[in-house]
Structures are given as C-alpha cells and as structure tokens.
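Trainee: I need the structure of the sequence given here:
(2 chains)
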Amino acid sequence: GAVVSQHPSRVICKSGTSVKIECRSLDFQATTMFWYRQFPKKSLMLMATSNEGSKATYEQGVEKDKFLINHASLTLSTLTVTSAHPEDSSFYICSARVHRVMNTEAFFGQGTRLTVV
Amino acid sequence: AQKVTQAQTEISVVEKEDVTLDCVYETRDTTYYLFWYKQPPSGELVFLIRRNSFDEQNEISGRYSWNFQKSTSSFNFTITASQVVDSAVYFCALSERTDSSYKLIFGSGTRLLVRP
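Mentor: Have a look, this model is predicted:
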C-alpha cells in the first residue's frame, strides 16, 4: 500500500513552546490529508481536513489558532501546536488519500506522541 | 449525522478461539464506505478492509472475515483461531460520499486481548 511518513514519532516540549509535526505521502500525491488526535485508550478524533493549496477545515471545538495546519504541496501537510500546554499532550496521527482516486482507503502515518512538560 | 458504534470496549479470549468484533453504523447517505483498521501497541493504524455500501458480499481473508448486513447496519469482523499477535485495538470507520472530503469517522474501538 501507499506510504505515509509522519515525523517526529515522539516529541517532548516545554509549556509555551510550539511544535511542528510533518506528514508526508512518500509514493503518491495526496490532495487531502486528515489530522486526528487520540487520547489514551480512546478513539481517533478528527481535528481537521487539510486540502492542498487551501485553508484547512476544522472540526467543531478544535481551535484554529492553536492547531495550525498547512498543506503546501500534494505530498506534505504540517500541524503546528502553538503555545503548547500539558493538556495538548496526546497522540497525533495523520492520514492521506490518493489524489483523484476516490474512496481508496486512507493511509495513515505512524503517529506522533507529543508530551508537553 | 454519521455515527459508528463499537459496543464492545474490551474482549479477552484464549488463543485459538474465534472472536467477533461488532460494528454498527448510522448514515443518511445511500453511498458510503466502511473500513476496519487495526492499531497494535506501537500506535500505527493498519488498514484491514474497505467495503462500499453496494457490495454486501461477505469477505474472507485468511483468518479474517467480515459480515456486512445493510438491513441491520452492521459490519462485523471475525477472527478465526485467534493468535497472540492479534492483540490490538480494532477500529471500525465510516466514510460518506456526500462528504467530498471522504473523511473517516471512527468508532470507539474494541481492545482485543488474546491470551496464550
């Protein structure tokens, strides 16, 4: 299957700092990428849908200014957690769909475990 | 609104037992897609199957099989002769055609523990 690479896999940052997470589709073009958040022993909660070249669409309750999403190319989307706080500690995972091929499965990155201290 | 319910929070079985993971969905769309993903302790999501709403044929892949019943809005997943390596969290997910992004809405997951 297609490969989605997410980096870093783990990151620890201090409260008040910002951290950027990258999501790359390595062997395909992804018009749309999705960002999910997962709390321990919980399901994946969709945070936002990222479309190449346009603004991301955020789900209700997700702070746009807190979680900045950029999708500058068909192979890269980034999520920046700004002014991180301990409650932002979570597992963040991205997924991507193949460009112009509808209803393929979404390929997922390996996830990023963020710990804010 | 679309919704996916996985009523079984945790299941524990002994190796070689068969186990069925339940998934019930809600959607107003006539065209939709159902998925199952496996999340091992390492965290990555592993795609298992995609099924569209027009294909009610059951599917078997090795020890895995899926039963899609539109009449009951269910898409259950059975593992035959379970193995310790099957221990993971399994998610059922739904994607509607009316949502142009085809975003996935996940169920709450079922944690499967297969004991030796």
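Trainee: Taking chain B, what residue is nearest to chain A?
Mentor: B:Leu45 (4.0 Å; C-beta to the nearest C-beta). Using the backbone N, CA and C atoms, a C-beta is placed for each residue, glycine as well.
Trainee: Could you give the number of residues near A:Leu44?
Mentor: A:Leu44 has 27 neighbouring residues, counting by other C-beta atoms under 10 Å in any protein chain shown.
Trainee: How about A:Gly53?
Mentor: 9.
Trainee: A:Leu114: what's it in contact with?
Mentor: Going by C-beta atoms under 8 Å, 6 or more residues apart in numbering or on different chains, A:Leu114 touches A:11-13, A:19, A:21, A:81, A:84, A:88-92.
Trainee: Could you point out which of the residues you listed is nearest to chain B?
Mentor: Of the contacts of A:Leu114, the one sitting nearest to chain B (C-beta to the nearest C-beta) turns out to be A:Phe91, at 6.2 Å.
Trainee: what's the spacing between stretch B:90-97 and its chain's center?
Mentor: Between the centre of stretch B:90-97 and the centre of its chain there are 8 Å (C-alpha atoms, centre = their mean, to the nearest Å).
Trainee: actually stretch A:36-54, sorry about that
Mentor: The chain centre lies 6 Å from the centre of stretch A:36-54; the measure is C-alpha atoms, centre = their mean.
Trainee: buried sites along that stretch?
Mentor: A:36-38, A:43-52 (16 or more other C-beta atoms under 10 Å in any protein chain shown).
Trainee: Quick check: closest non-adjacent residue to the spatially most central residue of chain A.
Mentor: Centroid-nearest residue in chain A: A:Trp35, 3.6 Å away (criterion: C-alpha atoms, centre = their mean). Spatial nearest neighbour of A:Trp35, excluding adjacent residues (C-beta to C-beta, 6 or more residues apart in numbering or on different chains): A:Met47 at 4.6 Å.
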